[in-house]
Structures are given as C-alpha cells and as structure tokens.
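Trainee: What shape does this take:
(chains A and B)
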There are 2 protein chains.
Amino acid sequence: MQFTSEQRLDCGVLEREFVLGEIPGILWTPGSASAPAPLILLGHPGGLHNMRPRLAARARQSAEHGFASATIELPGGGDRPRFAAVEQARADLLRTLRAGEPVGEEIIDRLVLPLVEKAVPEWQAALDALLALPEIGGPVGFSGGVISIGVRLAVVEPRISAAVLFAGSFVPRAMFEEARRVTIPLHVLLQWDDEGNDRQAALDLFDAFGTKEKTLHANLGGHTGVPQFAGDAAGRFFLRHLS
Amino acid sequence: MQFTSEQRLDCGVLEREFVLGEIPGILWTPGSASAPAPLILLGHPGGLHNMRPRLAARARQSAEHGFASATIELPGGGDRPRFAAVEQARADLLRTLRAGEPVGEEIIDRLVLPLVEKAVPEWQAALDALLALPEIGGPVGFSGGVISIGVRLAVVEPRISAAVLFAGSFVPRAMFEEARRVTIPLHVLLQWDDEGNDRQAALDLFDAFGTKEKTLHANLGGHTGVPQFAGDAAGRFFLRHLS
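Mentor: Residues are numbered from 1 along each chain as shown, chains lettered A, B, ... in the order given. Got it, this is the predicted structure:
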C-alpha cells in the first residue's frame, strides 16, 4: 500500500489517498488518536470519485467516535479497467428495466456474483495492509453496500466483528444461503421507497441472517434519502460493537 | 382526576396513582422539573398491576429526558369490570389458537375494535386531566400498544405529536385504512420472532401509514424481548419530537 496524497480536513481528520497495487483507496484517521483506532470499511456501489463526498461525510462522523475509515474502488468502478462480465450484465439489466420486464435471477447472478468473487479478496488484501499500519488497531466493521459483498465478507473474514448493511441492491439467490452463515451482529438499513430495490427480497434476506443480533431500520424515502438520525443510529451500533 | 397515593422513587421520579372516575392510572413526573414537562402516554395490553414494573422502567428512562409519563388501565383490564364483548372474542381466539386454526378477521375485529372504541375516549379524558396539571405541559407522545389504540389516537387526537408504536397485537383490517390518515412522526417497533404476532400484517401496517416520517425498527427476539438499545432508540425519537 502506497499513500499518494494527504490532507488534513477542517475537522482534524487526516485523509490519505492510497493505491494497493492497481486499486485506489482512501483512508481517514481521527485527528487525535491516542491508541490504534478501530476501523470501518466503507462499502459503496463503485465510482469512488462520485461517492467521495458521501463517504467522507460518513468517515468524519465515525472519526468523532475515534474510528478510522477506509474504502477501495470496486472492480470495474471509477478509473479501474472495465469488468467485462459485469458490464454485459449491467447492459442487460438496463435493457430489461427499460422494457418494463421483471429482472430475472440469471441477470442478477451475472451482475453481482462476479463482483463479489473479485471484490472480497481485494477488501481482504486492503484489510491486511490497513491493519499493518500502527495507527489502525481494530476491531473492524463493514458499513454499506454492495450488500452481497458485505454478506460474503461477514462470512469469510473473521476480522470483521460487526456490519451495517445497506439493503439497496439486487441480491442473488445464492446469497440467501450464505446469509444463514453470518454470525456477527448486523444492523440493516432499508429505504422503504427505494424504487430500484426489491423490498421483499431485503426483508427475506434480513430474515435469513443466522446471527443472534440483527436489527432492521427501515425509513421512508428513496435510495439516497437515508435520514440523518438513521446514520446516527448506525454510528451507535458501531460504538456498541467496535469500542 | 384524584391522586390516591404518592411515592418518590430512588431516582427522584415522583410516582402517583390516580383514579379518573372509575379508571385507575399512574403518573410519573421527573424529579427536577423547572418547566412544565412534555408527556408520554404509555400504552400496554391491559392489567396495570402486572405491567407496572415494565411501565415504571420506561417512565424512569423518559424522566431522564425530562418527560412525564402516564398510563391508565384498559377497559376490562386489571380490576376494572369485565368487558363482555371482548372477553367472548378472547375466549374464541384462544379456542382457535389451541385448535391450530387460522385466526379469522371476524375474531380480530370483535377482539380489538370494541376496545379501541371504548379506550380511546378514556385516553383523551386522561389527557384532558393530565394537561390541566401545572407540572405537565406538552407536547404529548403515545408509546406502546395496543397498536390499534395508538393508531386511532394518532388520527383523532391532535394533541399527540409523535408515537412509538409496538407492533405486537392483532390488527383489524379497518385499521389499515385508518393508518393512511396518520400524519404524525412514527417509530414502529417490531419483534421479528414474536410468535403471537403476524409479521406480514405489521409490515403491511407500516407500509400503510400516511405519515412522511416513519421508521421501523425490527429486532430479533420474541414479544417481550425488545433489546435495551431499541428502547434507547425509541427514547431518542421522542427527544427529537417532544423536546
């Protein structure tokens, strides 16, 4: 991991861009950290540049609790090389949606499963590098979407202690089985009127999670309309589990 | 309203029993109130004596935010005269459940609607009396179940500004229509594994509410297993809307 830029935000948070091999990422660390900080991995739908203001806002909020935050670009996202299999599936998805047809499981599988397969090891490699920094300690949380990436990480990555999952993307059927194997505490956010999201699938996925502590917070509004108080509640979930 | 007993709890909260005509009730006021306090009406399934420890715990927590809390016995509950229509419906319900048969809408209507019809004016009379006390100011919230009583109160009682509704009881079909007319902020608690509750009906009711701010908090566990952090979150909802 190589840092490529560094700036101190007005709130005191240190924001550093890095590359991990070919993968760009951003690390935010609290201004005044006396001990190695817990870490939150910030998931997103891809396209770091566009997502950056919202990710930075989440990172600043977590820094108030003494948490570091980090994110990496998704395979095929932003300036990374196109991910042909997923591009094709996305084109098929758009065509299906435009035609007003139901989105079949086959398209969802082709859209999401390759992304999960490729992204999860990258997140794990980022975790290796981040936890090697003296200013990062752990425990580690995952926050955001793509929800299937969060689910897979919760299953295969024992260093992740708790997750805030954003139910806002298509979920392949295979992930429901995987969800049963999740045992860490979960806090699931669902935007009730998210027109691009299958609400029933989100509820079914919540039901499937095998963990003993899971909470669903559903709020009125569309995909990007998560209310401030819902973000605050997610922050308190991490305070309970990562402090 | 006549006070019949008074004790100061160790946390400083003043707990007073009262009667309103024939209806017994309890009022909790914060130990150190400089100004008239906002008020939370504590709903419950009936049987004040058995519910008292849990209601007192909720009242003590609200008193930390400077809120007064009050509750009254339900029609047919505790030592109040039996409510023949509801008793018969309850007996029919138990027989149906024991036989493993589905609970028909007709029984739910007979069980809940007369209770709503009789209880809501009683809560409104209690509100008249409570708001006449110099130590109670407002705004007013409703917290708890029976959820249909909370829904009706939210529709017909303009002095109620916000409600925490506990989705844990049968809901007559007619209440779904009524739910569309609710316009105050709502915070709905759902216990995901509440064996005596119809989860889908609770989700449908949440969907039906006409208000612009509604949040659903679903947690793992049975009817009485609401986690402490979920109670805290409900408290913060009232802090946002009653302070």
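
Trainee: my hunch is that residue A:91 is in a helix, does that hold up?
Mentor: Yes: using DSSP: H, G, I helix; E, B strand; the rest coil, the assignment for residue A:91 is a helix.

Trainee: burial measure for it, as a count.
Mentor: For residue A:91, the neighbour count with other Cβ atoms under 10 Å in any protein chain shown is 10. (C-beta placed from N, C-alpha, C; glycine too.)

Trainee: roughly how far apart are it and residue A:196?
Mentor: In this view, residue A:91 and residue A:196 are 16 Å apart by Cβ to Cβ, to the nearest Å.

Trainee: Ok, residue A:20 next?
Mentor: Applying Cβ to Cβ to residue A:20 and residue A:196 gives a distance of 30 Å.

Trainee: higher neighbour count, those two?
Mentor: Comparing residue A:20 with residue A:196 by neighbour count (other Cβ under 10 Å), the higher total belongs to residue A:20, at 17 against 11.

Trainee: Next, the residue lying closest to residue A:97 once chain neighbours are set aside: phi, psi?
Mentor: Counting by Cβ to Cβ, 6 or more residues apart in numbering or on different chains, residue A:97 lies nearest to residue A:103, which is 6.9 Å off, once chain neighbours are set aside. Note on residue A:103: backbone dihedrals following degrees, to the nearest 10 are phi -80, psi 110.

Trainee: For residue A:103, give me the pLDDT.
Mentor: Looking at residue A:103, its pLDDT reads 90.

Trainee: Next: residue A:33.
Mentor: 68.

Trainee: Over to the one 4 residues further on?
Mentor: Here, the pLDDT recorded for residue A:37 equals 96.

Trainee: Would you map the helices across chain A?
Mentor: A:48-64, A:84-98, A:105-131, A:147-156, A:173-179, A:199-208, A:228-242 (DSSP state H).

Trainee: Write out the residues of chain A neighbouring chain B.
Mentor: A:192, A:203, A:206-207, A:211-220, A:227, A:229-230, A:233, A:236-237, A:240 (Cβ under 8 Å from any Cβ of the partner chain).

Trainee: mind showing which ranges of chain A have poor pLDDT?
Mentor: Across chain A, the ranges flagged by pLDDT under 70 are A:33.

Trainee: contacts for stretch A:184-197?
Mentor: Residues outside stretch A:184-197 that contact it (Cβ atoms under 8 Å, 6 or more residues apart in numbering or on different chains): A:154, A:160-169, A:199, A:202-203, A:205-206, A:209, A:211, A:213-223, A:225-226, A:230, A:233-234, A:237, A:241, B:206-207, B:214, B:216.

Trainee: May I have it exported as PDB, CA atoms only?
Mentor: Extracted C-alpha coordinates of stretch A:184-197, given in PDB (Å, rounded to 0.1, in the frame of the first residue of the first chain):
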ATOM      1  CA  ILE A 184     -21.700 -11.300  13.700                       C
ATOM      2  CA  PRO A 185     -24.000  -8.500  14.900                       C
ATOM      3  CA  LEU A 186     -25.800  -6.800  12.000                       C
ATOM      4  CA  HIS A 187     -27.600  -3.500  11.600                       C
ATOM      5  CA  VAL A 188     -29.500  -3.500   8.300                       C
ATOM      6  CA  LEU A 189     -30.700  -0.200   6.700                       C
ATOM      7  CA  LEU A 190     -33.600  -0.300   4.300                       C
ATOM      8  CA  GLN A 191     -35.100   2.600   2.400                       C
ATOM      9  CA  TRP A 192     -38.800   1.700   2.200                       C
ATOM     10  CA  ASP A 193     -39.400   3.500  -1.100                       C
ATOM     11  CA  ASP A 194     -36.200   2.700  -2.800                       C
ATOM     12  CA  GLU A 195     -37.600   2.300  -6.300                       C
ATOM     13  CA  GLY A 196     -34.500   0.300  -7.600                       C
ATOM     14  CA  ASN A 197     -34.700  -2.100  -4.700                       C
END
